[in-house]
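Trainee: model this:
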Amino acid sequence: MNCETKSSIEKLRKLRDELCKNQKKWDEAFKIKDEIVTELKNLKDFTESPKSTKKCISGKIDNLLILLDPDRENEKGNCDE
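Mentor: The predicted structure follows:
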């Protein structure tokens, strides 16, 4: 195999590796987006319940913020409907 062919194969392998890394990042981003949509729907239903307290609603909002910013400190209380 000549040097030009080897170089082309190496470039293709690097490109493939980069594409695979990007695909994983996109997959993760879409999973987080889906979780956020689900949590927002749950939050909307939760806020319409007369049993919902302001503290618990705040905790659910904090859960959403943690999905968007995983480094955020977990300030939520333990409130379940």
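Trainee: pLDDT weak spots in this protein?
Mentor: For the chain, the stretches flagged by pLDDT under 70 are 73-81.
Trainee: Enumerate the helices of it by residue range, in sequence order.
Mentor: 3-47, 54-68 (DSSP state H).
Trainee: Can you give the distance of the first one from its chain's centre?
Mentor: Read it as helix 3-47. Distance, stretch centre to chain centre, for helix 3-47: 11 Å (Cα atoms, centre = their mean, to the nearest Å).
Trainee: Also the shortest one?
Mentor: Average the C-alpha atoms of helix 54-68, do the same for its chain, and the two points are 15 Å apart (Cα atoms, centre = their mean).
Trainee: coming back round to it: so can I have JSON lines of the helices of the chain showing mean neighbour count?
Mentor: All C-beta spots, glycine's among them, are computed from the backbone N, C-alpha and C. Putting these into JSON lines (neighbours: other Cβ atoms under 10 Å) gives the following:
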{"stretch": "helix 3-47", "mean neighbour count": "11"}
{"stretch": "helix 54-68", "mean neighbour count": "14"}
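Trainee: Fine, thanks again, bye for now.
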